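[1] pasting the structure only:
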């Protein structure tokens, strides 16, 4: 393989690596939300630092590819998409970290989580990030529409839960503090899902050389 081909291969491997790290972080965030036990923040921060360093490394690899030669059309799409995907994945990592921190502030969260079926929504969020990583790693066109469908389901469930939690806060002042933090967490979960659709949009661009126009997003 030429140096150019090696750099392209390296870029894909680094995207897969950062995707896997963020997938782990999403799972940790959902666990922090649903469980009383929360992982050590120091350990989670180490992973966050790894993600930040990987994003910088991906930027450097892309610059190296551009410096080696002018990429052909398909390679140019891959590099451009890789830059966007890296950014979207890093944002998912930031949102996951925020969920972990905010989960500490949700007192009596077990009752709220059970009452509003948050565990089911958390499972959906875990599944969408797994499907998103699979979509990129395998350039799987079928997974693109699946991610959009999953995002729609997550948005509907989240909006219903937020509506019901706000209604409960109006009736029960004791639920206001925990309910407010939980609403913020649900908004973060929605955004994780939205960023996942942005990733698969980039995969679509890589495969089809055109921008995806999906009204179901």
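    Yep, that arrived. Note that this is a predicted model, so its numbers are computed, not measured. Numbers count the residues shown, from 1 in each chain.
[2] tell me if I'm right that residue 8 and residue 75 touch.
    Yes - applying Cβ atoms under 8 Å as the test, residue 8 and residue 75 come out as touching, 6.3 Å apart. For every residue, glycine as well, the C-beta is placed using N, CA and C.
[3] give me the common contacts of those two.
    Common contact partners of residue 8 and residue 75 (Cβ atoms under 8 Å, 6 or more residues apart in numbering): residue 65.
[4] which of the two has more neighbours?
    residue 8 (20 against 17; other Cβ atoms under 10 Å).
[5] and the gap between the more buried one and residue 65?
    The gap separating residue 8 from residue 65 is 7 Å, by Cβ to Cβ, to the nearest Å.
[6] what do these two both touch?
    When contacts are counted by Cβ under 8 Å, 6+ apart, the set common to residue 8 and residue 65 consists of 75, 79.
[7] after the least confident helix or strand in the chain by mean pLDDT comes which helix or strand?
    In the chain, the helix or strand scored least confidently by mean pLDDT, DSSP states H and E is helix 109-115, which has a mean of 82. Scanning forward in sequence from helix 109-115 by DSSP states H and E, the next helix or strand is helix 118-138.
[8] chain center to the helix or strand following that following helix: distance?
    Later in the chain than helix 118-138, the nearest helix or strand by DSSP H and E is helix 141-171. Mean-position distance between helix 141-171 and its chain equals 15 Å (Cα atoms, centre = their mean, to the nearest Å).
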